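Chemist: Mind folding the following:
(one chain, ligands or ions: 2)
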Amino acid sequence: MIPLTVAQVARITGGELHGDPAVMITGEVVIDSRRAVPGGLFAAVAGERADGHDFASAAVAAGAVAVLATRPVPVPSALAPSILVGDVPAALAALARFVVDSLPAVTVAGITGSSGKTTAKDLAAQLIERLGPTIAPAGSFNNEFGHPLTVLRADSSTRYLVLELSARGPGHIAYLCGIAPPRYGAVLNVGHAHAGEFGGLDQVARAKGELVEALPAGGAAILNADDPRVLAMAARTAARVVTFGVAPHAPASSHALQPTVQAADVRLDDLGRPTFILLTPEGRATVTLRLHGAHIVPDALAAAALARELGLGPADIAAGLSAATARSRWRMEVHRRGDGVTIINDAYNANPESVRAAVAALCHLAGDGRAFAVLGHMAELGGISRASHEDVGEFAARAGLAGLIAVGEEAAPILAGARRVRSWTGEALAVPDAAAALEALANRLKPGDVVLVKASRVAHLEGVAMALLAGEEADR
Ligand SMILES: Nc1ncnc2c1ncn2[C@@H]1O[C@H](COP(=O)(O)OP(=O)(O)O)[C@@H](O)[C@H]1O
Ligand SMILES: [Mg+2]
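Modeler: Ligands and ions are numbered 1, 2, ... in the order given. Have a look, this model is predicted:
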């Protein structure tokens, strides 16, 4: 963070200062006391499981020089001043906005969409780092806490902020854009993630489009030409519109309708890693991704289009994408075991689109071998939950899986959907929990089989994938 006195922080956040106004904050702002660093600011947040106010002393012991809180904390103000505010996330937002406004040399880029934000953000960051010092969130730090904390890491050496913006309702993305106004914004897709909270895809599109509404005339909106709801956002922005898409694109009568940045001739290797020709107005270059699944290609194109706007040429974009690794865990991690069984750990989260994408990748990896999917609950789908689980099951059965294991009661409709496919000869199994899923697999797997593990975060199925890999050397 840029150095600020606690008096400045109190003024910016409208807080009440207790302690020496001259104390200088020079280190990172954190909400997790275990991450507190010398010179930093600890923000006490009351969460579901724990209350940060109880950890203020630990943060100060670890070096934090001040505490931001909503009520007095048991730390003597002579040891570390505290700043009391009504609302900690709002205070972090105000502080982050102040920092961004103090750093005019920083260019802010935002990425949103229903699926693939973290993947696209991690790819974009690995490209944009080639242009200058870049700050991007770790994992999915994309909400009212993670977003300002990421922004607050910027200082006078920073040139780019690459941010992931998530929404669970209308206004969320507009709020995040107010914290760090983006000049560039990429929208990946409009899908069913959190559709329950939104009410439907049109409402999801309204919310995701808040990103392009926030862009200035001098900036660029980077839109997925293959998703009509995303492309329609072109009408909602003052910024220049740049598009990306996978060729061949819908019958293009005129060249002008082609996306600005395209992937042509997409092929997957036997582990599902895409190779394609990146087509840009400045030239073409071959990209071979280290990530898995055809569905990653649009994410890579969004990252490419963003980096291109910032001045990176096609050869550097291709080299950067080809070198880029998965920075955030449990998304399409592919491990081939010593015994010839392949495990795909995609257990970070799940929605209908990302499950279909993962099942398609699973089938590609399995080739002529057997494909098994261990699927758990897809959360937050609201009224379409049951039908969505059934449809995913039908999709999996049509894909010809050898086995479909639904974990937990909420995932059971997946099997009902699979049974709709009369011609399907695979095995459908309902199991109560992760341990039972493992037991079922233990009796069935043989060399050449591929297993996908996927569910929403709340289902915690990553343990299944990790248990399947216990004792194996990571080979990624
Ligand atoms: N373009 C895409 N379409 C469908 N699914 C995708 C896409 N990109 C990534 N995914 C899948 O979505 C899940 C979440 O990916 P992630 O990058 O963490 O997205 P987000 O941050 O939007 O939740 C993973 O299973 C990933 O493989
Ligand atoms: Mg994410």
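
Chemist: drop to CA atoms for contacts and neighbour counts, all remaining ones
Modeler: Noted.

Chemist: Next one: the closest residue to Asp227 other than its chain neighbours from Ala205, what distance?
Modeler: Across the structure, with Cα to Cα, 6 or more residues apart in numbering as the measure, the residue nearest Asp227 apart from its sequence neighbours is Asn189 (6.1 Å). The span separating Asn189 from Ala205 equals 9 Å under the rule Cα to Cα, to the nearest Å.

Chemist: Need the overlap of contacts for those two.
Modeler: By Cα atoms under 8 Å, 6 or more residues apart in numbering, Asn189 and Ala205 have these common neighbours: Arg229, Val230.

Chemist: re the thing from before, the residue nearest to Asp227 contacts Ile222, doesn't it?
Modeler: No: using Cα atoms under 8 Å, Asn189 makes no contact with Ile222, being 11.4 Å away.

Chemist: between the two, which one's more packed in?
Modeler: Neighbours were tallied for Asn189 and for Ile222 using other Cα atoms under 10 Å; the higher tally belongs to Ile222 (32 against 27).

Chemist: Double-check that that one belongs to a strand.
Modeler: Yes: when classified by DSSP: H, G, I helix; E, B strand; the rest coil, Ile222 is found to be part of a strand.

Chemist: I figured Val99 was touching Leu4, is that so?
Modeler: No: the pair formed by Val99 and Leu4 falls short of the contact definition of Cα under 8 Å, at 9.6 Å.

Chemist: Give me the more crowded residue out of these two.
Modeler: A direct count of neighbours by other Cα under 10 Å for Val99 and Leu4 places Val99 higher, at 24 against 15.

Chemist: Secondary structure class of that one, three-state.
Modeler: Secondary structure state of Val99, per three-state DSSP, is helix.

Chemist: what's near enough to touch it?
Modeler: Counting by Cα under 8 Å, 6+ apart, Val99 makes contact with Met1, Ile2, Val151, Leu152, Ala154, Asp155.

Chemist: for those residues, which one is nearest ligand 1?
Modeler: Ligand 1 lies nearest to Val151 out of the contacts of Val99, by Cα to the nearest ligand atom, at 17.5 Å.

Chemist: Give me the neighbour count for the closest one.
Modeler: For Val151, the tally of surrounding residues (other Cα under 10 Å) stands at 27.

Chemist: which non-adjacent residue is nearest the residue of the chain most remote from its centre?
Modeler: Relative to the average C-alpha location in the chain, and by Cα atoms, centre = their mean, no residue lies farther out than Ala78, which sits at 40.8 Å. Spatially, and ignoring its direct neighbours in sequence, Ala78 is nearest to Gly19 (6.0 Å; Cα to Cα, 6+ apart).

Chemist: give me every residue that touches whichever residue of the stretch 251-400 of the chain sits closest to ligand 1.
Modeler: In the stretch 251-400 of the chain, no residue comes nearer to ligand 1 than Ser354, which is 3.5 Å away by Cα to the nearest ligand atom. With contact taken as Cα under 8 Å, 6+ apart, Ser354 is in contact with Ser115.

Chemist: Phi and psi next, for it.
Modeler: The phi/psi pair for Ser354 (degrees, to the nearest 10) reads phi -70, psi -30.

Chemist: With ligand 2 as the reference, measure out to it.
Modeler: Using Cα to the ion, to the nearest Å, Ser354 is found at 12 Å from ligand 2.

Chemist: gap between that residue and His389?
Modeler: Taking Cα to Cα as the measure, Ser354 and His389 are separated by 12 Å.

Chemist: again, but for Val73
Modeler: Using Cα to Cα, which is the criterion applied here, Val73 is 46 Å from His389.

Chemist: More neighbours: the two, which one.
Modeler: His389 (28 against 19).

Chemist: How about the helix or strand in which the more buried one is found and ligand 1, touching?
Modeler: With secondary structure defined by DSSP states H and E, His389 is part of helix 385-398. No: Helix 385-398 does not reach ligand 1 (Cα under 6 Å from any ligand atom); its nearest approach is 13.2 Å.

Chemist: Show me what that helix is packed against.
Modeler: Using 3 or more Cα pairs under 8 Å, 6 or more residues apart in numbering; DSSP states H and E as the contact criterion, the elements in contact with helix 385-398 are helix 352-366, helix 413-419.

Chemist: near ligand 2, which residues of this protein show up?
Modeler: For the chain, the contact set with ligand 2 under Cα under 5 Å from the ion comprises Thr118, Ser140.

Chemist: got the helices and strands packed on helix 385-398 as TSV, with distance to Val162 and mean pLDDT columns?
Modeler: Supplementary listing: the helices and strands packed on helix 385-398 in TSV, determined by distance: least, Cα to Cα, whole Å; pLDDT from 0 to 100:
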stretch	distance to Val162	mean pLDDT
helix 352-366	23	96
helix 413-419	37	96
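
Chemist: Same list, those helices, but as CSV with distance to Gly209 please.
Modeler: Below are these laid out as CSV (distance: least, Cα to Cα, whole Å):
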stretch, distance to Gly209
helix 352-366, 19
helix 413-419, 31
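
Chemist: Contacts only, for the residue nearest to Asp227.
Modeler: By Cα under 8 Å, 6+ apart, Asn189 lies in contact with Gly113, Ser114, Ser115, Asn224, Asp227, Arg229, Val230.
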